[in-house]
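[1] let me see the structure of the following:
(one chain, ligands or ions: 1)
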Amino acid sequence: MANTPVVAVVGSANLDLVVEVSRLPTVGETLLGTAVGRFPGGKGLNQAVGASRSGAQTRFCAVVGRDEAGDILQDSARSAGVVGDLRRTDAAPTGVAHVFSVDGDNSIIVAAGANAELTATDATDAVTGAAVVLAQLEVPVPAVAAALAAGRAAGALTILNAAPAAEAAVALLADVDILIVNETECEELGGIERLHAAGADVIVRTAGADGVDLHRAGQPVLHVPAFRIDPVDTTGAGDAFCGALAATLATGVPLAEALRAASAAGAIVAGQLGATTPALTPEAITTLLTRA
Ligand code: RIB
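    You can find the predicted model right below:
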């Protein structure tokens, strides 16, 4: 594996507490829901697992607490083949995401906890020698900025998934080759024209099962349709998309083609409970690609 291209993912690791509800509560209201379970999550961890399970040698940089949740997340990354130990901190507990599932769609509230301890030094160290650097915005912006800048300086392909959307993302675009957003994030960041002006290729994931649009300077928009599946739990499907895209691009596959593999990975994760799943394998991606 010595010369295998490395995907470095810098981001969050959360324990997801998933509750099924008929609707979201209003202010001052208590609703009864059904506990679905506790699952490994966090956009960073999901994307690292997605890249690794899609076949890439993957390094993950994240901070968790010295607690049971941290152990669960470390085990989950390791069992997916992700390289490297998550940094442990005494300063805060492991991040927790409260996932409210309504009719298969999710609303999520994240308590950052130890994720807020991720530093620029952690990030810079983690991206050394990587072919692809992938980051999101659930960790401090200076860490994300450092990862992207170090990756760019070393000639890596840099990918930012601007989730959750934050204005700070726009200033980061100078060091981003590929920006991934969903429609809501795209609007929150000022729209496609503004994002495109920074020079990055922009991938917009559309709501529901519509697929993705690739916006590239001087070229018509390329639409890649979604795979038709019966979704079980859409949590982490977008993360699997990002991870698989990074993994596929690391092997030198052109972007338009890599988008199909990434969409297949998203569909596989949406077909299972939890934000990550061992059902995601290079073979499962190939099977879906050849079936379509
Ligand atoms: O993108 C899904 C993820 O967002 C969940 O796993 C949750 O932890 C939040 O970070």
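
[2] for whichever helix in the chain runs longest, packing partners?
    Counting residues, the longest helix in the chain under DSSP state H turns out to be helix 255-270. Packing partners of helix 255-270 (3 or more Cβ pairs under 8 Å, 6 or more residues apart in numbering; DSSP states H and E): helix 43-53, strand 212-215, strand 222-224, helix 237-250, helix 282-291. Heads up, the C-betas are built off the backbone N, CA and C, glycines and all.

[3] can you name every helix or strand that the third one contacts?
    Secondary-structure packing of strand 222-224 (3+ Cβ pairs under 8 Å, 6+ apart): strand 212-215, helix 255-270.

[4] near the ligand, which residues of the stretch 51-200 of the chain are found?
    The interface of the stretch 51-200 of the chain toward the ligand, taken as Cβ under 6 Å from any ligand atom, is made up of 97, 108, 110, 138.

[5] looking at it, the second one is touching residue 96, isn't it?
    No: contact criterion Cβ atoms under 8 Å: residue 108 and residue 96 do not qualify, at 10.7 Å.

[6] more crowded one of those two?
    Neighbours were counted for residue 108 and for residue 96 using other Cβ atoms under 10 Å; residue 96 has more, 20 against 17.

[7] just the terminal-to-terminal distance for stretch 250-259.
    13 Å (Cα to Cα, to the nearest Å).

[8] quick check: closest non-adjacent residue to residue 241.
    Residue nearest to residue 241 in three dimensions, not counting chain neighbours: residue 266, with 3.9 Å by Cβ to Cβ, 6 or more residues apart in numbering.

[9] can you pull the contacts of that neighbour?
    Residue 266 makes contacts with 226, 237-238, 240-241, 244, as judged by Cβ atoms under 8 Å, 6 or more residues apart in numbering.

[10] which of those are close to the ligand?
    Restricting these to contacts with the ligand (Cβ under 6 Å from any ligand atom) yields residue 238.

[11] and the furthest pair within the contacts of residue 266?
    Spanning the widest gap among those are 226 and 244, at 13.7 Å by Cβ to Cβ.

[12] who has more neighbours out of the two?
    Shown here are residue 226 and residue 244; by other Cβ under 10 Å, residue 244 has more neighbours (31 against 19).

[13] out of the contacts of residue 266, which comes closest to residue 36?
    Using Cβ to Cβ, the contacts of residue 266 come closest to residue 36 at residue 237, 15.8 Å.

[14] any idea how far the closest one is from residue 224?
    Per Cβ to Cβ, to the nearest Å, residue 237 is found 15 Å from residue 224.

[15] pLDDT at residue 208, what is it?
    Reported pLDDT at residue 208 in the predicted model: 64.

[16] quick revisit: show me which pair in the residues of the stretch 51-200 of the chain next to the ligand is furthest apart.
    Those two in those that are separated most widely, counting by Cβ to Cβ, are 108 and 138, at 10.3 Å.

[17] tell me which residue in the stretch 51-200 of the chain sits closest to the ligand.
    Ranked by Cβ to the nearest ligand atom, the top residue of the stretch 51-200 of the chain for proximity to the ligand is residue 97, at 3.2 Å.

[18] how close does whichever residue of the chain sits closest to the ligand get to residue 263?
    Going by Cβ to the nearest ligand atom, the ligand is nearest to residue 41 of the chain, at 2.6 Å. Counting by Cβ to Cβ, the separation of residue 41 from residue 263 is 21 Å.

[19] these two: who's more crowded?
    residue 41 (30 against 26).

[20] pretty sure that one is touching residue 11, no?
    No: look at residue 41 against residue 11 with Cβ under 8 Å: they stay out of range, at 11.2 Å.

[21] residues shared between the contacts of those two?
    Counting by Cβ under 8 Å, 6+ apart, residue 41 and residue 11 have no shared contacts at all.

[22] ok, for the spatially most central residue of the chain, nearest residue in space, not its chain neighbours?
    Geometric centre of the chain, nearest residue: residue 239, 3.3 Å, by Cα atoms, centre = their mean. Leaving aside its sequence neighbours, residue 239 sits nearest to residue 46 (Cβ to Cβ, 6+ apart; 3.4 Å).
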